[in-house]
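**Student:** Predicted model and sequence follow; I will ask about them next.
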Amino acid sequence: MPDSALSDIIVCDLSQFEAGPSCTETLAWLGATVIKVERPGTGEGARRSVGDPPGVDSWSHILLNANKLSVTADIKHPDGKRLVHRLIERADVFIENFGPGVIEKMGLDYEHVREINPRIIYAQIKGFGSGSPYANFPAFDPVGQAAGGSTAATGTPDGPPVRPSASLADTGAGLHCAIGILAALHQRARTGDGQRVEVAMQDAVMNFTRTAWQTYLATGHAAKRGGGDFLVRVSVNGFHGVISHIRGTRQFTQAKSLFLSDLFHS
């Protein structure tokens, strides 16, 4: 739509699976023209999924790639690379989330892309930050969640760590990246300069688990797993649990006003 917030923004999207596509789908929802570059013949890896009928796109791919355009290009072939270079010339944003070192082998690292288009916002999502000792390790959501702390903070007190079912590392990193891209575009409007935006899945998960860090900073001990309870002071195991933790507080009054009074015990 011409009046959408990002209707004048073009995104050259080399991302795959979930972390990158969740970012570019967010930009597409906001009106950006997202052009997804995929391998000829098979497309990106998430188009095929175990359990889906052969020859059709997986539901995972469909759910993460709405509102996008798609083009195939063999980046290893000179013609395919020229096509990508033409897209970069016209794009406002370039994004990738390949494993460590892959984009460099393609000749599409930040320094080369910036030479083609100095105004471009170059975004990357990796498992770990470039300064991390694990920077060269590939990562999917379970690794990002374990390294970021959400797995350790989830589960029953007497049980093992549990990975939350929500994709906190994958989509969490994608949403953090979208925020960074929007900030970079705003800054470019003032300065005229592009920049690099880097998001690590581990860092995104750490941001989501700040309550656990709060407990550690306050007590010097790692937060204990509490089942469905909040790690500091509030239970979310149902109305009775909530009341037992917040009775007599302003939060209790607010909660009572939101639900039918007969659900609460005096």
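**Tutor:** Cool, the structure landed. Because the structure is predicted, anything quoted here is derived from the model rather than measured.
**Student:** How is the protein divided into domains?
**Tutor:** Using automatic domain parsing, the domain parsing of the chain gives 10-208, 233-266.
**Student:** Least confident of those, on average?
**Tutor:** Lowest mean pLDDT within these: domain 233-266, a mean of 46.
**Student:** can you tell which of the domains of the chain is closest to A223?
**Tutor:** Nearest to A223, of all the domains of the chain, is domain 10-208, at 5.8 Å by CB to CB. Backbone N, C-alpha and C define where each C-beta goes, glycine included.
**Student:** Now do that closest one: distance from first to last residue.
**Tutor:** In domain 10-208, first residue to last residue: 30 Å (CA to CA, to the nearest Å).
**Student:** Check the offset of it from the chain's centre.
**Tutor:** How far domain 10-208 lies from its chain's middle: 8 Å, per CA atoms, centre = their mean, to the nearest Å.
**Student:** repeat for stretch 200-219
**Tutor:** With CA atoms, centre = their mean, you get 16 Å for stretch 200-219.
**Student:** Can you tell me what sits against that stretch?
**Tutor:** The contact list for stretch 200-219 (CB atoms under 8 Å, 6 or more residues apart in numbering) reads 19, 125-129, 132, 134, 139, 141, 143-145, 147-150, 152-153, 168-170, 172-173, 175-176, 221-223, 230-232.
**Student:** Contact partners for A66?
**Tutor:** Applying CB under 8 Å, 6+ apart to A66 gives the contacts E25, A28, W29.
**Student:** Which parts of the stretch 1-150 of the chain are helices?
**Tutor:** 19-29, 59-64, 78-90, 102-105, 110-116, 141-148 (DSSP state H, counting those that start in this stretch).
**Student:** Adding distance to T209 as columns, could you present those in a markdown table?
**Tutor:** Converted to a markdown table, the helices of the stretch 1-150 of the chain look like this (distance: least, CB to CB, whole Å):
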| stretch | distance to T209 |
| --- | --- |
| helix 19-29 | 18 |
| helix 59-64 | 24 |
| helix 78-90 | 36 |
| helix 102-105 | 29 |
| helix 110-116 | 29 |
| helix 141-148 | 6 |
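**Student:** Point out the one among these that comes closest to D158.
**Tutor:** Of all the helices of the stretch 1-150 of the chain, it is helix 141-148 that lies closest to D158, at 19.8 Å by CB to CB.
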